[in-house]
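Enquirer: Structure for this input, please:
(one chain, ligands or ions: 1)
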Amino acid sequence: MTTYGMVLANGRILDGCGNPWYWGDLGVQEGRITEIAPPGSLTGRRMIDAGGRFVTPGFIDIHTHSDLSILVNRRAESAVHQGVTTQLIGNCGMSPAPTSEAHLAEMRRLWGTISDQPEVDWRWHTFGQYLKTLQNGGLGINIACLAGHGALRIASMGLSEVAPTTAQLDQMKILLDEAMQSGAYGMSTGLVYPPGCYASTEEIISLCRVVSRYHGMYASHIRGERETILEAVTEAIRIGREAGVPVQISHNAPKFGAPCDASANLSLVDEARRRGQDVTVDNDLHTDLAPALTGGLPQQIQDWPAEEISKLLRNPEKRNAIRDEIIRDKKPAFGPAGLLKHGQWQRITMLHAPKNPEVVGKTIQVIAHERGCNPFDSYFDLIVENGHAAEAIFDYIDEKNIRLLLQHPAVMISSDGQVLAPYGFLNDPPPYSPCSYGEFPGVLERYVRDEPVLTLQEAVRKMTSFPAQRLGLRDRGVLREGAWADIVVFDLECVHDRATNLYPHTYPFENFPHEYPEGIDNVMVNGIMVVEGQEHSGALPGKVLRRKNSHSH
Ligand SMILES: [Zn+2]
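Expert: Numbers count the residues shown, from 1 in each chain. Next up, the predicted model:
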């Protein structure tokens, strides 16, 4: 009988493909699952007793923004503590590569203060160089990467609001080709953010034709998730059809102001699939987001230096013009801005306001009442007083839509978060990002155990083999002999998300600053234990994953 390096014994094994659990021992050797056998039949130099807990594939998070934060925290604390063993980064049009000398400053400005951290040295230019930087310092989890359309566009033409010239578009194609050759899984867009919001459908189709040559995917934060959600889903599907690429519609919950519930956007996806087009969706379970208040301003001014924005907002005529532009929303702004457009001030709760600490925990509606002015003016005044440091929790998604999405077979579970840690720069000040700490345990706790929205095996499928299939990963996301040993052991009865706050909020906030979840006991990445007894081991066994058949390794 073989003695394996490690055996996880007596587990209730969920294979990740949607099948019910079975009892088994799982042997691991040199990073891979070498044997699965009846309980009590395998021996290892190291024996870990799962004691009837669930043993599942590591969770694959198909939508994250850890591109720079993983450089600051290579241990991937908030992700791996949730059981995540692979993340896809480069979403919503933003990846940190490629860059060009001419437009690096614009790129860094879009990424915000993290771009000045010492671990983020911006010494890479090409996509391949960025992937090498990721791999060289070690990683707590595996990372796969998309090329961001915004990065391609900035490298070629900066934050310009016009259409690219033929030469500029050709330049974008050359950069994208290099990214695909280096191992990118496809291209992402963020069509409500600068510079994605300035791109035509045709520009994206012509770039996706490059992606198609490499059998990559197109992932999109679509052009509006509220009033224009159906037109925007239709555009994403058209891009996939005309360019010949599979489509991943990102975090596709309708946001406040949408004319329909999620069944309407999901039926467009069903219709495309019936026609034979590979369109899939991801979504997270949180109803809120906590951006800077300046994020609600029209796209062309939201990234200006704070002093310039304040100057604009102090001019009554210009202030009125900005208010009108927000209400008209001609170039659809991101989801939370719908709360401004529709006057939902009771759904905006202040989180940070260094110059006015007394407003934290209060809604804009209450602040306006106390200040005796109208809520729009209070909102603008808080920006004038605090600049980009003013942040609020925007509760802009109806939980009913989250349930609808969770139950649809073509929807997988993503966090839309990033690697964070409750220490260091990533916690100074602590960002409000419940999805970064609590996404996967939250689904298990709230929508599997406490309320039967999903069966356990279906929830696990949506966290493992389904995103693996989308990425073309044939040997991850499943517990099967020969697959990489990315494995989670958890106790469903004890799983507890300590990061999520439900609307309406009490102050002080219940779960903020965030803490790691409970009940996720062991997490193995490529056969190495990274979380053991809910503690990080310090191991960095993660790999940069490259799309199959890419050239450089
Ligand atoms: Zn997005």
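
Enquirer: Who are the contact partners of the closest residue to the ion within the stretch 401-550 of the chain?
Expert: Nearest residue of the stretch 401-550 of the chain to the ion (Cβ to the ion) works out as Asp416 at 6.3 Å. Backbone N, C-alpha and C define where each C-beta goes, glycine included. Contacts for Asp416 (Cβ atoms under 8 Å, 6 or more residues apart in numbering) come out as 63-65, 91, 250-251, 284, 286, 435.

Enquirer: Most neighbours out of those residues, which is it?
Expert: Of all the contacts of Asp416, Asn91 has the most neighbours under the rule other Cβ atoms under 10 Å, reaching 30 neighbours.

Enquirer: quick one: secondary structure of that residue?
Expert: Secondary structure assignment for Asn91 (DSSP: H, G, I helix; E, B strand; the rest coil): coil.

Enquirer: Which pLDDT value does the model give the residue of the stretch 401-550 of the chain closest to the ion?
Expert: pLDDT for Asp416: 98.

Enquirer: quick one: the strands in the stretch 151-300 of the chain?
Expert: Assigned by DSSP state E, counting those that start in this stretch, the stretch 151-300 of the chain shows strands spanning 186-190, 217-221, 247-249, 279-283, 288-289.

Enquirer: Could you export the ones you listed as TSV, including mean neighbour count, mean pLDDT and distance to Ala272?
Expert: Shown next, in TSV, are the strands of the stretch 151-300 of the chain (neighbours: other Cβ atoms under 10 Å; pLDDT from 0 to 100; distance: least, Cβ to Cβ, whole Å):
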stretch	mean neighbour count	mean pLDDT	distance to Ala272
strand 186-190	29	98	17
strand 217-221	28	98	13
strand 247-249	28	98	8
strand 279-283	24	98	5
strand 288-289	22	97	27
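
Enquirer: Of those strands, which is nearest His536?
Expert: Closest to His536 of those is strand 279-283 (Cβ to Cβ; 26.2 Å).

Enquirer: Remind me what the closest one packs against, helices and strands.
Expert: The elements that strand 279-283 packs onto, with contact taken as 3 or more Cβ pairs under 8 Å, 6 or more residues apart in numbering; DSSP states H and E, are helix 229-243, strand 247-249, helix 262-274, helix 399-407, strand 411-413, helix 465-471.

Enquirer: Within range of the ion, give me the residues from the protein.
Expert: 92, 221 (Cβ under 5 Å from the ion).

Enquirer: okay, and for the chain, where does confidence drop off?
Expert: For the chain, residues meeting the criterion pLDDT under 70 lie at 551-553.

Enquirer: Can you give the distance from the lengthiest helix in the chain to the centre of its chain?
Expert: Ranked by number of residues, the top helix in the chain under DSSP state H is helix 166-182. Remark: helix 166-182 is offset 24 Å from the chain centroid, using Cα atoms, centre = their mean, to the nearest Å.

Enquirer: what's the closest residue to Gly216 other than its chain neighbours in contact with, if anything?
Expert: Among residues not flanking Gly216 along the chain, Gly186 sits closest, at 3.5 Å (Cβ to Cβ, 6 or more residues apart in numbering). By Cβ under 8 Å, 6+ apart, the contact list for Gly186 reads 146-147, 180, 211, 216-219, 245, 547.

Enquirer: mind checking how far Gly186 is from Arg238?
Expert: Distance of Gly186 to Arg238, computed by Cβ to Cβ, to the nearest Å: 17 Å.

Enquirer: same thing with Pro336?
Expert: In terms of Cβ to Cβ, Pro336 sits 26 Å off from Arg238.

Enquirer: what about those two, which has more around it?
Expert: Pro336 (26 against 16).

Enquirer: for that one, what are its contacts?
Expert: 255, 289, 291, 295-296, 394, 396 are the contacts of Pro336 under Cβ under 8 Å, 6+ apart.

Enquirer: just Val162 next, same as before
Expert: Contacts of Val162 (Cβ under 8 Å, 6+ apart): Tyr198.

Enquirer: one step back: what would the contacts of Gly186 look like in CSV with distance to Val120?
Expert: CSV is the format used below for those (distance: Cβ to Cβ, whole Å):
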residue, distance to Val120
Leu146, 19
Ala147, 18
Met180, 24
Val211, 27
Gly216, 26
Met217, 27
Tyr218, 27
Ala219, 23
Val245, 30
Arg547, 24
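
Enquirer: Same list, the strands of the stretch 151-300 of the chain, but as TSV with distance to Pro541 please.
Expert: Shown next, in TSV, are the strands of the stretch 151-300 of the chain (distance: least, Cβ to Cβ, whole Å):
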stretch	distance to Pro541
strand 186-190	25
strand 217-221	26
strand 247-249	27
strand 279-283	26
strand 288-289	32
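
Enquirer: Of those, which is nearest Asn356?
Expert: Comparing the strands of the stretch 151-300 of the chain against Asn356 with Cβ to Cβ, the closest turns out to be strand 288-289 (21.1 Å).

Enquirer: Return the list of strands paired to that closest one, each annotated with direction.
Expert: strand 391-395 (antiparallel) (DSSP bridges).

Enquirer: ok, residues contacting the partner strand?
Expert: 287-293, 335-336, 339, 347-353, 364, 432, 501, 503-505.

Enquirer: try 6 Å
Expert: Defining contact as Cβ atoms under 6 Å, 6 or more residues apart in numbering, one finds that strand 391-395 is touched by 287-290, 292-293, 336, 339, 347-352, 503.

Enquirer: What of stretch 270-285?
Expert: The contact list for stretch 270-285 (Cβ under 6 Å, 6+ apart) reads 62-63, 237, 241, 246-249, 251-253, 269, 402, 405, 410-412, 414-416, 435, 439, 442-443, 470.

Enquirer: quick one: it to chain centroid distance?
Expert: 18 Å.

Enquirer: Would you work out how far apart the start and end of that stretch are?
Expert: 21 Å (Cα to Cα, to the nearest Å).

Enquirer: again with stretch 344-356
Expert: Termini of stretch 344-356 sit 22 Å apart (Cα to Cα).

Enquirer: Okay, buried residues for that stretch please.
Expert: Buried residues in stretch 344-356, defined by neighbour count with 16 or more other Cβ atoms under 10 Å: 344-345, 347-353, 356.

Enquirer: Select, from the contacts of Asp416, the two members most distant in space.
Expert: So, those by Cβ to Cβ: farthest apart are Asn91 and His286, at 15.8 Å.

Enquirer: Next, find the distance separating the nearest residue to Lys362 once chain neighbours are set aside from Ala390.
Expert: Nearest residue to Lys362, sequence neighbours excluded (Cβ to Cβ, 6+ apart): Met350, at 5.7 Å. Met350 is 8 Å from Ala390, where distance means Cβ to Cβ.
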